[in-house]
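Enquirer: from the sequence below, what's the structure:
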Amino acid sequence: MEERPLVRVLVPVIALALAAGVGLAFFVAALVRPPELPVDRNPAPLAGHTLCAAVVVVFESDAEMRAAEPSLHDEPKARRVFEDPPSVSLLAVPGTDLKAWAQELHARYRKAERVTVIDSDATAAQLKLTAPPPKCPREGEY
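Expert: You can find the predicted model right below:
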């Protein structure tokens, strides 16, 4: 049976069009995806920073905080670490469930007095504020 000229031309054209479409989709996705946020786990003073999405671990003393500090700086979900004696505030990498992370940290640091979540967007939604604060940026601070 002899191949038809139309099929011989049409199949490569369709394959090329599909490949171009897939390539274009990946290109557009790369342009739309937000840039990665820098990770800096070196402790910094909390003064001068307004956090709107973070987990705060409060210890009973500075000594307990200092003992836990090295492992908090190595925390893979932490993007930035802020100190404010005797507490440590952790900004999360994007996509981290703050409540679940707070529970993990509370289980890991039994000597912590408390572990709390700062989430201004969730708080504003719960309170149904008529004039809510500005939406928290991905960075976790204003």
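Enquirer: nearest residue to the middle of the chain?
Expert: Per C-alpha atoms, centre = their mean, the C-alpha nearest to the average position across the chain is that of residue 94, at 1.4 Å.
Enquirer: surely that residue and residue 37 touch.
Expert: Yes: Residue 94 lies in contact with residue 37 (C-beta atoms under 8 Å); the separation is 6.4 Å. All C-beta atoms are positioned from the backbone trio N, CA, C, and that covers glycine.
Enquirer: shared neighbours of those two, anything?
Expert: Common neighbours of residue 94 and residue 37, counting by C-beta atoms under 8 Å, 6 or more residues apart in numbering, are 79, 138.
Enquirer: how about residue 127, what does it touch?
Expert: Residue 127 neighbours (C-beta under 8 Å, 6+ apart): none.
Enquirer: repeat that for residue 112.
Expert: 57, 58, 59, 64, 68, 105, 106.
Enquirer: secondary structure, pLDDT and neighbour count added to those residues, as JSON lines?
Expert: Shown next, in JSON lines, are the contacts of residue 112 (DSSP: H, G, I helix; E, B strand; the rest coil; pLDDT from 0 to 100; neighbours: other C-beta atoms under 10 Å):
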{"residue": "57", "secondary structure": "strand", "pLDDT": "97", "neighbour count": "24"}
{"residue": "58", "secondary structure": "strand", "pLDDT": "97", "neighbour count": "16"}
{"residue": "59", "secondary structure": "strand", "pLDDT": "97", "neighbour count": "21"}
{"residue": "64", "secondary structure": "helix", "pLDDT": "94", "neighbour count": "16"}
{"residue": "68", "secondary structure": "helix", "pLDDT": "92", "neighbour count": "19"}
{"residue": "105", "secondary structure": "helix", "pLDDT": "96", "neighbour count": "21"}
{"residue": "106", "secondary structure": "helix", "pLDDT": "95", "neighbour count": "15"}
